[in-house]
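Participant: need a 3D model of the sequence below.
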Amino acid sequence: ATPIQLDVTTAPSEPSLDFDGSNDVVIISDNAIMQPPGNFTIEAWIYPTDGSAHQRIVAKGDGASAGDDSGSIFWDTYDGSTGLGLRIGIANSSDMYTSTPASGAILTLNTWQHVAMVFDQGVFTTYLNGVAQTSADLLETTLFDNAVDWSIGEDAAGFNEVFNGQIDEVRFWHSARTPE
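Facilitator: Sure, this is the predicted structure:
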């Protein structure tokens, strides 16, 4: 397959989605188009204004408890103590599995940054400005296999892990994109 290139050279201009860290969320109804059968990429530009942990960028379900959210995924800002890292988490029917380790404090507050989550051949990788940060094998085989809505800026289930800042140009691809 031919690699698809990510353009991470130009930060977005106004307007963007502005999240106040309180109650703002964009809901995308569950549908077959948003349930890829194989490799995929989700990318966005983010402008975090708060270093709090667990700020959802994109989610399908809330990932808060095992069993009821089997197949759910979340992508948030987290590094073990602050919100300046990136992490992908997966919920399965028996346990919560965080598929990528927290990246460490790599995000910069009050600055536009391009972030991407790539699933390729069973491996999740997080990217910041086109550079791979963390990756891990995916143990869950029923990814997206639920009727829960997608959300931007908070969990669709309202788990109150809200984003504080701006998010722009969220894109969902049915292929594993590369930075080359």
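Participant: for stretch 74-92, the averaged confidence score.
Facilitator: Here stretch 74-92 scores 78 as its mean pLDDT.
Participant: go on, stretch 42-56?
Facilitator: 90.
Participant: how about stretch 111-126?
Facilitator: 89.
Participant: and that stretch, how far out from the chain's middle?
Facilitator: 8 Å (CA atoms, centre = their mean, to the nearest Å).
Participant: got the buried residues for that stretch?
Facilitator: 112, 113, 114, 115, 116, 117, 118, 119, 120, 124, 125, 126 (16 or more other CB atoms under 10 Å). Heads up, the C-betas are built off the backbone N, CA and C, glycines and all.
Participant: against residue 167, how distant is the first one?
Facilitator: What it means is residue 112. 10 Å (CB to CB, to the nearest Å).
Participant: shared neighbours, those two?
Facilitator: With contacts defined as CB atoms under 8 Å, 6 or more residues apart in numbering, the residues shared by residue 112 and residue 167 are 45, 46, 47.
Participant: and the strands in the chain, which stretches?
Facilitator: Here the chain has its strands, by DSSP state E, at 17-20, 26-28, 40-48, 55-60, 73-77, 86-91, 96-98, 113-120, 123-128, 131-137, 150-152, 164-173.
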